[in-house]
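*Asks:* sequence first, then the predicted structure:
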Amino acid sequence: MSFNIAFVMKNLKLLVGLFVGAGVYRFLMWGENLGLNAFIFAVLLVAALFSYKMELRRNKLLWWLAGGFIVSAAGVAITGIVFSAVVYYTMLIVFLAFVQMPALRSAWYALLLLPYNSAIAVWLDLKLLGDACEELFHKRAKQPKRRFLKLWQIFAIGGIALLFVGIFSIANPQFARFVNVAWNGFCDLLRWLIPNLSFWSVVHFLFVLYFLSLFFLRFNNNMVSREDMQMNDNLQRVRQKQYRRFLWVGLKSEYYAAFVGIVVFSLLLLTLNIFDIISVWAGITPDSAAELSQFVHRGTYALIVSVILSGGILLFYFRKNLNFYPDNRWFKAVAYSWIGQNIFLLCSTGLRNWHYITECGLTYKRIGVFIFLLMVCVSMVLLVVKIRNKKSHYHFFRMSVFLNLGLLALCAVINWDVVIASYNTSCISTETDYNYLKHLSYQAAPYALQESADETDNTLYRERVEKYVERVKARSWKSFNLGDCLAARKLQNYPIKTTYTDIPTFQQQ
């Protein structure tokens with residue numbers, strides 16, 4: 001009995017903690033933009049998790065994921081752009097998936113289990129509420145299995161009571177007025193206790209309560225955990241003694257075929273890299289815009305496909321016993337050479353993209369090409385590690401996912417809108433596309449208005465900029481982000497003249 005009381009007390013503390021956490025989240029987020037509040041919430045969430053679930057402290061992967069989550073939240077507080085917010089929510093979901101199943105090591109297993117765990121969390125939340133009611137109202141109950149029955153009895157009594165209140169209100173106007181006065185008084189009390197109370201704020205609070213429970217509840221799926229734990233990071237030699245009906249070639253024949261194939265592929269890639277050195281690295285680029293576009297777009301897409309195909313071929317060759325073939329150092333040397341040429345090809349592709357940027361300016365798509373090339377380059381380095389240390393495909397893909405997530409978290413700290421606007425107005429050789437800058441966030445407005453402050457066709461844009469400055473000035477500290485703050489400070493003293501006078505004032509939350 002003492003064990004049951006201690007267990008129930010622990011659940012009661014968890015339930016109270018979830019309500020406190022949901023209240024803190026509502027205080028930080030309701031009616032606010034993402035900014036400093038996201039960083040504060042991330043730090044508080046990680047601290048609470050590692051304090052409540054002490055077993056997570058021994059998991060190095062969760063420490064790395066928590067660090068990436070906090071870095072992405074810092075990116076939101078620093079930049080305030082959409083890209084940082086997307087990375088922030090991505091890291092939040094991945095972190096949640098591994099908090100639910102800390103025994104897992106691969107992201108795909110954790111993300112596949114996330115919808116299932118989120119569904120059964122509803123039942124676990126009801127169980128948690130039942131345990132809390134057991135502690136509050138039925139401390140001496142000797143049959144814990146009846147908690148849910150007692151809980152539903154309480155709900156049933158409350159529901160029937162509300163039904164009678166509705167019937168009596170219809171039957172008796174004086175009773176209806178009494179109920180109305182009592183309900184308004186209760187609502188006024190709640191509004192005094194919880195400012196800005198509304199139906200949707202209550203729905204938001206309940207959703208946050210459920211969402212936080214996904215972090216702090218304990219889930220169990222031994223079947224998937226065992227399957228993931230059985231996956232090995234290191235390759236093991238498997239000796240095939242039985243007859244294989246569909247065996248194409250023996251190991252020795254496969255070795256020679258793979259060796260010759262990689263040599264041929266390397267020579268082809270070497271020829272391509274020599275042409276790239278002549279045309280791309282020497283600075284010889286097409287003169288016309290159409291030729292330059294074809295030079296970059298068609299070439300970039302084709303070369304990226306080529307690199308991915310090369311990685312797939314190497315993964316196929318080094319999948320099993322070829323890693324243990326006697327005296328295969330020349331085979332590995334040729335493979336390293338091919339990987340090195342693919343990395344050089346990635347650099348050539350990046351240089352093509354850079355030539356296009358210097359002529360036409362920065363865009364999110366061109367920045368995305370650089371980020372994607374970095375991610376593929378990371379995977380190529382991991383491919384070298386896989387071949388050298390005889391690692392499995394499981395290890396290669398698992399580490400590729402985590403390292404590329406870390407790369408995205410670091411990219412979220414950079415304010416790409418300001419980088420694009422600053423570069424396009426100062427460094428490109430052609431005329432700046434100000435219409436593109438105006439489709440970015442208003443943090444690019446100081447640059448978008450540089451050359452067009454007196455143009456009559458930009459009046460509407462200037463009016464929106466004025467309202468943006470007013471909104472930033474009216475924000476509370478919870479929605480603070482450095483990018484908007486610096487942009488508003490520049491725009492506040494900028495000579496923007498419009499006929500718009502009805503600028504709304506946004507009060508602090």
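*Replies:* Structure received.

*Asks:* not counting its own residues, what contacts stretch 200-208?
*Replies:* 21-23, 25-26, 30, 194 (CB atoms under 8 Å, 6 or more residues apart in numbering). To be clear about C-beta, it is placed using only N, CA and C from the backbone, and glycine gets the same treatment.

*Asks:* what's the most distant pair in those residues?
*Replies:* Greatest spatial distance among the contacts of stretch 200-208 (CB to CB): Gly21 and Ile194, at 15.5 Å.

*Asks:* between these two, point out the one with more neighbours.
*Replies:* Gly21 (21 against 16; other CB atoms under 10 Å).

*Asks:* buried stuff in stretch 42-49?
*Replies:* Buried residues in stretch 42-49, counted by 16 or more other CB atoms under 10 Å: 42, 45-46, 48-49.

*Asks:* columns secondary structure and distance to Tyr447 on top of these, output as CSV?
*Replies:* Converted to CSV, the buried residues of stretch 42-49 look like this (DSSP: H, G, I helix; E, B strand; the rest coil; distance: CB to CB, whole Å):
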residue, secondary structure, distance to Tyr447
Ala42, helix, 30
Leu45, helix, 36
Val46, helix, 36
Ala48, helix, 41
Leu49, helix, 41
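
*Asks:* give me the buried entries from the contacts of stretch 200-208.
*Replies:* 21-22, 25-26, 30, 194.

*Asks:* for those, point out the one with the lowest pLDDT.
*Replies:* Ranked by pLDDT, these bottom out at Ile194 (66).

*Asks:* lowest confidence element among the helices and strands of this protein?
*Replies:* Sorting the helices and strands of the chain by mean pLDDT, DSSP states H and E puts helix 222-230 at the bottom, at a mean of 68.

*Asks:* show me what secondary structure element comes after it.
*Replies:* Per DSSP states H and E, the first helix or strand lying C-terminal to helix 222-230 is helix 251-276.

*Asks:* helices and strands around that next one, which ones?
*Replies:* Here helix 251-276 touches helix 289-317, helix 329-360, going by 3 or more CB pairs under 8 Å, 6 or more residues apart in numbering; DSSP states H and E.

*Asks:* okay, angle between that helix and helix 329-360 too, please.
*Replies:* Per axes from the mean of the first three to the mean of the last three CA atoms, to 10 degrees, the angle that helix 251-276 makes with helix 329-360 is 30 degrees.

*Asks:* how about helix 251-276: buried residues?
*Replies:* Residues 254-255, 258-259, 262, 265-266, 269, 272-273, 276 are the ones in helix 251-276 that count as buried (16+ other CB under 10 Å).

*Asks:* just give me the neighbour total for Leu206.
*Replies:* When neighbours are counted by other CB under 10 Å, Leu206 registers 11.

*Asks:* from Val384, how far out is the residue positioned nearest the centre of the chain?
*Replies:* Geometric centre of the chain, nearest residue: Thr90, 1.2 Å, by CA atoms, centre = their mean. Distance of Thr90 to Val384, computed by CB to CB, to the nearest Å: 27 Å.

*Asks:* just Leu315 next, same as before
*Replies:* For Leu315, the distance to Val384 - CB to CB - is 12 Å.

*Asks:* my guess is Leu214 contacts Ala121. True?
*Replies:* Yes: with contacts defined as CB atoms under 8 Å, Leu214 counts as touching Ala121 at a distance of 5.4 Å.
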